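1. With the sequence up front, the predicted model follows.
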Amino acid sequence: MEQTVVLIKPDGVRKGIVGDVLTRFERVGIKMLAAKLIWVNKTTIGKHYRDNNDYHKSVGEKTLENYKMYGLDAGENLGTKDPVKIGKMIRKWNMEFLASGPVFAMLLEGPGAIAAVRKIVGHTFPADAAPGTIRGDHSLDSAYIANVEKRTVQNLIHASGSKEEADFERKLWFRRGDIYKYKRTGEE
């Protein structure tokens, strides 16, 4: 059994898709162990979006790839082509966006839950997400639009990307008393 953290971001909460999202996970047998609606403080957000050069460089390089793919000039639009500086910019945008409204945080559990949840969530960029996925069904935002508007992609939802990330996020978002173990129908 794996555990994974899912955050329905402020755009998803504002769209009113919390019930649909939870239903999609429960329908395939993924169990909710904890859930809460919170307006996230800057300390938690700062820990969630880690402030280190590896993270900044990775995010910056992906952004530069998107700029190149869309024929945009990152130097002209962002004032730099340095992936670390761009990554810091994106981190700031991500933090501002996550703080812009309430977030619905869930801890989910199931066999292969990390990969299963990410498959249900869909591609990071909603415009590239397949129909039938959460992002594919509920948004059209794209890297192109976000890059032109100098903001983060509003992609409705976050799902842990690895076991290490899920473990870190579980401890960040939930206290031990928030988490409940129980048997669903059919687990007896």
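-> Received it, and whenever you're ready, just let me know what you need.
2. For residue 97, which residues are in contact?
-> 9-11, 151-152, 154 (C-beta atoms under 8 Å, 6 or more residues apart in numbering). (Each C-beta comes from the backbone N, C-alpha and C, glycine too.)
3. Check the secondary structure at the residue nearest the centre of the chain for me.
-> Most central in the chain under C-alpha atoms, centre = their mean is residue 158, positioned 1.8 Å from the mean C-alpha point. With DSSP: H, G, I helix; E, B strand; the rest coil as the basis, residue 158 sits in strand.
4. looking at it, it is touching residue 10, isn't it?
-> No. With contact defined as C-beta atoms under 8 Å, residue 158 does not reach residue 10; the gap is 11.3 Å.
5. Averaged pLDDT, stretch 96-103. What do you get?
-> Mean pLDDT, stretch 96-103: 96.
6. now that stretch, how far from the centre of its chain.
-> Between the centre of stretch 96-103 and the centre of its host chain there is 12 Å, according to C-alpha atoms, centre = their mean, to the nearest Å.
7. Tell me the buried residues in it?
-> 97-98, 102-103 (16 or more other C-beta atoms under 10 Å).
8. did I read that right, residue 47 in a helix?
-> Yes. Read with three-state DSSP, residue 47 is one of the residues of a helix.
9. For it, which non-adjacent residue is closest in space?
-> Take residue 47 and drop its neighbours on the chain: the residue closest to it by C-beta to C-beta, 6 or more residues apart in numbering is residue 172, 5.6 Å away.
10. Identify, from the contacts of residue 97, the entry nearest to residue 121.
-> residue 9 (11.4 Å; C-beta to C-beta).
11. what's the neighbour count on that closest one?
-> 23 (other C-beta atoms under 10 Å).
12. how about it, phi and psi?
-> Backbone torsions of residue 9, given as degrees, to the nearest 10, read phi -70, psi 170.
13. ok, it to residue 20 distance?
-> Between residue 9 and residue 20 the distance is 14 Å, computed by C-beta to C-beta, to the nearest Å.
14. What is the burial count for the residue nearest to residue 136 when sequence neighbours are not counted?
-> Spatial nearest neighbour of residue 136, chain neighbours left out: residue 129 (3.6 Å); criterion: C-beta to C-beta, 6+ apart. Neighbour count for residue 129, taken as other C-beta under 10 Å: 22.
15. same question, residue 8
-> Neighbours of residue 8 using other C-beta under 10 Å come to 25.
16. ok, it touching residue 16?
-> No. Here residue 8 does not reach residue 16: they are 10.3 Å apart, not a contact under C-beta under 8 Å.
17. can you map out the helices along the chain?
-> If DSSP state H is used as the criterion, the helices of the chain fall at 10-15, 18-27, 42-48, 53-69, 74-78, 83-98, 113-121, 134-138, 143-149, 163-173.
18. Quick one: list the elements packing against the second one.
-> In this case it means helix 18-27. strand 2-8, strand 31-38, strand 103-110, helix 113-121, helix 134-138 (3 or more C-beta pairs under 8 Å, 6 or more residues apart in numbering; DSSP states H and E).
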